[in-house]
Each structure stands twice: as C-alpha cells, then as structure tokens.
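[1] Give me a 3D structure for the following:
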Amino acid sequence: MKIVIIGGVAGGASAAARLRRLDEKAEIVLLERGEYISFANCGLPYYIGGAIKKKSALTLQTPQSFYNRFRVEVRTGNEVLSINRAAKTLEVLDKKSGTVYTEHYDKLILSPGAEPVRPPLPGMEDPRVFTLRNIPDTLKIKEYMEENKPASAVVVGGGYIGIEMAENLHRAGLAVTIVELSDHVVGPMDYDMACDLHRHIESKRVDLRLNNGVKAIENGKNGKLHVLLNEGELDTDMVIMAVGVRPDSKLAKEAGLDVNPQGAIITGDDMRTSDPDIFAVGDAIEVSDFVTGQRGVVPLAGPANKQGRIAADQICGIDSRYTATQGSAILKCFDMTAACTGINERIAKARGIDYDKSFTYSASHASYYPDATNISIKLIFEKKTGKILGGQFVGFEGVDKRCDVLATAIRAGMTVFDLTKLELCYAPPYSSAKDPLNMAGFVAENILTGKVKTYHWHDVESLDRDRVVLLDVRTDEEYANGSIEGSIHIPLDSLRERLGEIPAGKPLYVNCQSGLRSYIACRILSQNGFDCYNLSGGFRLYQSIFGKRSANKTKERPSVGLNTETMLPEP
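    Okay, the predicted model is just below:
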C-alpha cells in the first residue's frame with residue numbers, strides 16, 4: 001500500500017511516524033512544499049526574541065533524520081498542484097528543478113495547515129510588513145531586525161501569536177504597540193479575565209490600543225512606516241500582522257472535497273473526508289467542540305498531532321476516533337501566564353446554555369512559603385447539574401497545572417462538586433492543603449446549593465442606591481485605597497457588633513477584596529435576617545475592570561500583593 005501525505009509539521013509528520021510504527025512494509029511518501037517538514041512553530045516568536053538561541057533548535061526532524069528513523073521518503077520543495085481523485089494521482093511541482101510530475105497514491109492524507117490572514121489593506125505588500133507562519137517567515141523577520149536595527153514595531157492583533165510577538169520584540173529592545181480590534185486581548189478568554197493581562201502588558205511599557213484597527217500602511221517620514229488606525233495613527237519601523245489564520249484548503253476545494261463555509265475541510269471522527277480514500281488532519285479541518293458539539297475551526301498543535309495518529313490508525317485497520325476539540329490553550333504574556341479550557345461565557349450565552357459562573361483568587365502555593373502569588377480563576381458551569389463547561393486562569397505561577405487538571409475534569413464530565421473532592425498534591429512550595437481548584441469548587445458549590453447569592457462586576461452600575469445597601473467589609477486601609485461608590489464600610493471582624501448600623505429592610509450587596517470575607521459576612525448577615533448578595537471576584541476584579549489602566553514605569557516583575565484571605569478556612 002502506498003500512502004502519500006501532503007504537508008508535514010504536527011499532523012502530517014505525526015501521521016507518517018505512526019504509519020511506519022504500525023506497518024513496516026507500507027510505502028510512505030511525504031510531500032512538503034516548504035523547506036522544513038517538522039519544526040517547532042510554537043517556538044518561532046522566541047527565536048526572534050532571543051530566548052531560543054539556535055535556529056537548529058526549531059527543526060525537530062530533517063528529511064534525512066526522518067528517513068533514517070522511519071524510512072519515510074520526504075520530498076521538500078515539492079508542491080502538490082492538484083488531486084485527481086478518480087485516478088488517485090497528484091500533480092506535483094518540484095520547485096528545485098521546475099518540473100511537474102505525477103504521483104500515485106492508494107491512501108492520501110491532507111495536512112496543509114492554516115495560512116495567516118493578510119487583510120486587503122493599502123501597504124500590505126511593503127517588505128517591512130510581516131506575517132509569521134513558518135521558519136522562512138521567522139528568518140525574514142530576524143534578518144530584517146539584524147540588518148536594519150528597528151527601534152519600534154506595531155503588532156496588529158492581540159491573539160496568541162500577537163502577544164508572543166509583542167513580548168519577544170520587546171525583549172529584543174523594540175518599542176512595541178499592539179493594535180487589537182476587539183475590546184480585549186486573547187479572544188478565547190472573556191473580557192473580565194483579560195483585564196489583568198491588559199494591565200500587565202502596559203506595565204511593560206507596551207502601548208496597547210484596544211477597540212482599534214488598521215486602515216492603511218503608508219511610507220512615512222525618515223524611512224518610517226505610517227500606520228493609519230481607525231482612531232489615531234502611528235509611525236513605526238516594522239509591522240507584524242497577527243490577525244488570525246484560515247484553513248489552507250485550496251487543494252481540497254479544487255478536488256471537490258466537502259468544506260464548510262469557512263473553507264475548513266469536513267471530516268468524520270475517523271478523519272476521513274467526503275472521499276473515503278482521502279483523510280485530512282490539523283488546522284485545515286473542521287472539528288466539533290467537546291462541550292457544545294458545535295462545529296468550527298480550532299487551530300491547535302495538540303489536536304493536530306492526535307488527528308494525524310488517528311488517520312494512520314484508520315489506514316492500518318485500527319478503529320480510532322477523534323472525540324472533539326476542547327480548546328485547551330496556554331499563553332506566556334511577559335511574566336504572566338493565561339490559560340483556558342472548554343467554553344467561555346460568550347459562547348455559553350450564544351448557545352443559550354443555562355449557566356452560572358464564579359471568580360476566585362487563590363495563592364499559587366502555601367501563603368506562608370516565600371514568593372506565593374495569586375491565580376485568578378473563572379469557572380463556567382451548568383446551573384442545574386454543576387457540570388463544568390469551561391475555565392480561565394491568569395497568574396504568575398501554577399496556572400498551567402490548574403488548567404490541565406480542569407481540562408481533565410471537563411473531559412471526564414465532572415461537576416464543580418467533584419472539584420471539592422479532588423485530592424491533589426500538596427507541599428508548601430507547590431500548593432496549599434486546599435488547592436485553588438478545590439477553592440473554586442467550594443465557591444461554585446455554595447452558589448449552587450444556595451448558601452450564598454452572588455452579584456457580578458457588571459451588575460454594580462445598575463444597582464439602585466436608594467433601594468439597596470452596598471457594604472464593604474474590608475479593612476480600614478483597604479477601604480481608604482479605593483471602594484465602590486456609595487458603599488458603607490464595616491470591617492468583617494467588627495460586623496457582628498455593628499449590625500445595628502446597617503439599614504434594615506433593604507437587600508445588602510457586600511464586597512471584600514476577593515469575595516471570601518464578604519462570603520463570611522453574607523453567612524453572618526443572612527442568619528441575622530438580612531437579604532445578602534456577595535460580589536463574585538470582589539473589589540480586586542471590579543477594580544481590574546473599571547480602574548484606570550496606566551503603564552508601570554519599572555521593567556521589573558511587578559510586585560503582586562498576596563491575597564491573605566486565602567489563609568482563611570474554605571468557604
């Protein structure tokens with residue numbers, strides 16, 4: 001049997017290696033139009049910024065090493081021009097010789113990946129405007145920086161690649177501006193969780209322009225590029241376009257394979273396309289969302305690797321199936337880490353899901369052990385069952401393992417009640433006896449079981465101050481440093497003795513710094529006849545969203561005040 005794979009990197013190379021492990025006799029040919037068959041595309045920004053020193057570190061396999069290990073015939077610089085499904089042949093251009101030849105296949109795997117979106121804007125063809133998809137793109141950016149010594153850069157797009165490029169250009173000494181059309185960076189996250197990232201990005205003296213877009217790029221004065229925005233303008237030495245990617249599915253469309261409206265190749269869970277002898281994997285295909293079942297495109301390396309393995313299994317007679325994409329992803333944003341898994345609140349609303357949410361703020365490890373920092377956690381869960389639908393995490397340490405645990409919990413169909421029962425590793429340098437995920441479970445459980453009623457940051461403005469009472473139970477010092485307008489102030493530890501100072505007959509909307517002390521206050525108040533609501537996420541989250549964003553002038557890692565509320569017993 002002859003299997004031909006179009007495209008390498010995550011999906012194609014994984015399929016080729018799995019095929020050989022399963023079938024020592026099969027003839028396997030991998031056709032790659034570029035120069036590299038397997039490279040660390042997620043590491044490309046870090047080579048530009050200098051964190052990865054050697055170009056060779058980006059190349060995971062060469063054609064020769066792949067052949068030596070797997071006896072796969074790899075032809076780089078060979079671009080497939082068309083697929084003849086009836087004859088099971090490919091028309092292939094050998095870029096080195098300029099000749100076109102015909103290649104036969106018994107089974108075909110498509111792994112073309114995704115291509116960067118290049119908006120049809122004036123000035124996009126300027127050589128100082130770059131996109132980043134592969135090693136040649138990376139080398140082009142690196143060479144330009146080394147030869148021209150740019151002092152500034154504009155990154156268009158605040159997604160994963162945009163943020164990583166901004167960080168690494170900043171690391172290389174450039175003054176960086178991020179222009180993002182949305183109201184927040186990192187699209188899979190919700191606005192409220194992205195606000196911490198906004199503040200941190202600006203603390204690094206990166207100019208962040210939200211709710212803004214690029215209209216045109218022109219030649220400016222003194223050899224600069226002049227970037228016209230929807231609001232304002234910028235002069236810069238280079239532009240990185242990072243506005244997203246789209247499926248590179250031209251071959252599939254021209255061959256008559258089924259594609260969705262976004263151009264993604266439609267496959268079954270066995271990775272077969274509408275042609276039973278053609279499989280497709282990776283960023284070019286349509287997938288199902290694990291939580292909602294909705295079909296869409298999620299270009300991530302992890303799913304691409306799994307899909308390549310499944311396609312190989314199917315070709316070799318093993319009935320593997322792809323069980324949807326969960327969207328688990330993580331981002332290094334300067335010193336901060338952001339991660340998410342499952343669906344966000346916007347998707348839950350759009351799908352009409354009856355959901356609730358909780359915000360917690362817990363120490364990354366035991367508070368008494370040095371250098372603990374806080375992790376912000378947002379949980380999305382079903383109201384009726386408590387089933388976990390999604391989670392978002394922002395912090396400095398321990399974000400990755402908490403998101404990984406929650407991703408596992410979602411895959412297993414667990415509920416927030418199950419989070420309270422998880423027995424996770426504990427030692428003071430690594431966690432607390434009550435892990436942040438346990439704490440998130442406790443808070444969500446209290447909401448679902450009616451032990452506390454909550455309100456959220458977006459509810460505050462609509463509260464009628466004549467009909468409700470806003471109560472702040474933080475310390476005097478905390479209250480003096482800022483509060484929600486119109487709040488009365490009674491510290492938690494004197495609340496029982498001062499109940500008589502609270503106006504009777506009105507609902508109480510209580511807040512503290514993170515939501516834990518105000519929860520305790522609500523338990524006291526509700527058992528004394530008051531109708532009480534707790535601000536989820538506390539004043540810290542409220543201030544993160546509504547407080548004035550300003551750049552911190554230090555280049556050092558910002559000091560993170562530890563939330564001492566995490567030293568209190570669980571909710």
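[2] from what I can see residue 19 touches residue 313, true?
    No. Residue 19 is beyond contact range of residue 313, at 9.1 Å (criterion: Cβ atoms under 8 Å). C-beta coordinates here come from the backbone N, C-alpha and C atoms, glycine included.
[3] Comparing those two, which residue is more hemmed in?
    Neighbours per residue, other Cβ atoms under 10 Å: of residue 19 and residue 313, the larger number sits with residue 19, 26 against 19.
[4] Over to the more buried one. Which of the three states is it?
    helix (DSSP: H, G, I helix; E, B strand; the rest coil).
[5] and the helix-or-strand element of the chain with minimal mean pLDDT, which strands flank it?
    Of all helical and strand segments in the chain, the minimum by mean pLDDT, DSSP states H and E falls on strand 38-39, at a mean of 71. Paired with strand 38-39 in the same sheet, following DSSP bridges, are strand 59-61 (antiparallel).
[6] dump the residue contacts of the most centrally placed residue in the chain.
    Nearest residue to the geometric centre of the chain (Cα atoms, centre = their mean): residue 329, 4.5 Å. Residues in contact with residue 329, defined by Cβ atoms under 8 Å, 6 or more residues apart in numbering, are 160, 188, 300, 339-341.
[7] Look up how far residue 434 lies from it.
    According to Cβ to Cβ, to the nearest Å, residue 329 and residue 434 sit 27 Å apart.
[8] same deal with residue 25?
    Per Cβ to Cβ, residue 25 is found 56 Å from residue 434.
[9] More neighbours: which of the two?
    Neighbour tally, residue 25 and residue 434, criterion other Cβ under 10 Å: the higher count belongs to residue 434, 18 against 6.
[10] name the helices or strands packed onto the one helix or strand residue 442 maps to?
    Using DSSP states H and E, residue 442 maps to helix 436-448. Packing contacts for helix 436-448, counted by 3 or more Cβ pairs under 8 Å, 6 or more residues apart in numbering; DSSP states H and E, involve strand 355-363, strand 374-382, helix 399-411, helix 416-419.
[11] Relative to residue 147, which of the ones you listed is closest?
    helix 399-411 (36.8 Å; Cβ to Cβ).
[12] Let me know the angle separating that closest one from strand 355-363.
    In terms of direction (axes from the mean of the first three to the mean of the last three Cα atoms, to 10 degrees), helix 399-411 departs from strand 355-363 by 150 degrees.
[13] Which other helices and strands does helix 399-411 contact?
    Going by 3+ Cβ pairs under 8 Å, 6+ apart, helix 399-411 lies up against strand 329-333, strand 336-342, strand 374-382, strand 388-395, helix 436-448.
[14] So what touches the last one?
    So that's helix 436-448. By Cβ under 8 Å, 6+ apart, helix 436-448 touches 356, 358, 360, 362-364, 375, 377, 379, 381, 383, 386, 391, 398, 402, 405-406, 416-422, 424, 434, 451-452, 454, 515, 519, 536, 566, 570-571.
[15] what's the angle from it to strand 374-382?
    Relative orientation of helix 436-448 and strand 374-382, computed by the same axes, to 10 degrees: 40 degrees.
[16] for the shortest one, same thing?
    Relative orientation of strand 329-333 with respect to strand 374-382: 150 degrees, computed using the same axes, to 10 degrees.
[17] Report the rounded mean pLDDT for strand 329-333.
    The pLDDT scores in strand 329-333 average 96.
[18] Please identify the buried residues of that strand?
    Within strand 329-333, the residues that count as buried by 16 or more other Cβ atoms under 10 Å are 329, 331-333.
[19] angle of it against strand 336-342?
    Using the same axes, to 10 degrees, strand 329-333 lies at 170 degrees relative to strand 336-342.
[20] just the CA coordinates of strand 329-333, formatted as CSV?
    Written as CSV, here are the backbone C-alpha positions of strand 329-333 (Å, rounded to 0.1, in the frame of the first residue of the first chain):
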residue,chain,number,x,y,z
ALA,A,329,-4.5,26.6,25.4
ILE,A,330,-1.9,28.5,27.4
LEU,A,331,0.0,31.7,26.8
LYS,A,332,3.1,33.3,28.2
CYS,A,333,2.4,37.0,28.4
